[in-house]
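Asker: 3D model of this:
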Amino acid sequence: MDPENTLHATREAVLDAAVPHVPFDGWSAATLKAALADSGVAPALGAALFPRGALDLALAYHRRGDRRMAAQLAEMDLAALRYRDRIAAAVMARLDLVEDKELVRRGSTLFALPQNAAEGAKAIWGTADAIWTALGDTSEDVNWYSKRATLSAVYSATVLFWLGDDSPGHENTRDFLDRRIGDVMQIEKLKAGLRENPLSKALLAGPLRLLGQIRAPRTPDDLPGSLKDQA
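Answerer: Predicted structure coming up:
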């Protein structure tokens, strides 16, 4: 096994060992210490794998969920579904992968801290990006950003609702998600109508020209240590 795969396997082992401790100790230094002991990973290596301690441990867990969701979506037949139903299926697939809601609840508490809020927002954006990528999004302009920003808001609201939902099969969460997606679709219809209205087109000509110059980010995917290779 090459060094990169060895580090990944070690990180996964620590995450597996951390999961039983999180409901009691949260995503904390105590959880990381216990996970390193349970997995047999040396503290020095743990510090290298999770340099910011519990924060990096929680982020690694979140990114693992994104990867597992992407793998699951790749095996699902979504072609027959309406696009809004594909998005709903992807969001629910991501939530259904959570072993214990307390893991997410504790993570929400961690990321609600002012010093961690930016990392929490990045994590949600990463999930939205993973969903759109899995669904085959090919946008290269400002829509790349607007799709992810909109889905980030929908996903965040859905997670908060899901945490308090005890309905069978999270049926209430599915209904809530469908309503949020419906709201977004209404906004998109309104935007489309404005673009077709001659007066609106004239008024928005300048801003639309500026927005038309925005392009999706392009990052080389063959560099060692790239984000996609990190947990």
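Asker: How about the residue positioned nearest the centre of the chain, nearest residue that isn't a chain neighbour?
Answerer: In the chain, the centroid-proximal residue (C-alpha atoms, centre = their mean) is Thr127; its distance is 1.7 Å. In space, and not counting its chain neighbours, Thr127 is closest to Asp66: 5.4 Å by C-beta to C-beta, 6 or more residues apart in numbering. For glycine as for every other residue, the C-beta is placed from the backbone atoms N, C-alpha and C.
Asker: tell me the mean pLDDT for the helix or strand where that neighbour lies?
Answerer: Using DSSP states H and E, Asp66 sits in helix 54-75. Computed over helix 54-75, the mean pLDDT rounds to 97.
Asker: Residues contacting that helix, please?
Answerer: With C-beta atoms under 8 Å, 6 or more residues apart in numbering as the test, helix 54-75 has contacts from 11-12, 14-15, 18-19, 26-29, 31-32, 35, 49-50, 89-90, 93-94, 97-98, 103, 107, 110-111, 116, 119, 123, 126-127, 130-131, 133-135, 230-231.
Asker: Mind giving me the PyMOL command for buried ones among those?
Answerer: Selection of buried members from the contacts of helix 54-75 for PyMOL, criterion 16 or more other C-beta atoms under 10 Å:
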select buried, resi 11+14+15+18+26+27+28+31+32+35+49+50+89+90+93+94+98+103+107+110+111+116+119+123+126+127+130+131+134+231
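Asker: Please tell me how far the residue nearest to the centre of the chain sits from Asp77.
Answerer: With distances taken as C-beta to C-beta, to the nearest Å, Thr127 is found 22 Å from Asp77.
Asker: And for Tyr155?
Answerer: Distance, Tyr155 to Asp77, using C-beta to C-beta: 23 Å.
Asker: Let me see the contact set for Arg148.
Answerer: Residues in contact with Arg148 (C-beta under 8 Å, 6+ apart) are 125, 128-129, 132.
Asker: Repeat that for Leu7.
Answerer: Leu49.
Asker: and the gap between it and Thr31?
Answerer: Applying C-beta to C-beta to Leu7 and Thr31 gives a distance of 20 Å.
Asker: try Asn143
Answerer: Note on Asn143: its distance to Thr31, by C-beta to C-beta, is 40 Å.
Asker: do the same with Leu73
Answerer: For Leu73, the distance to Thr31 - C-beta to C-beta - is 29 Å.
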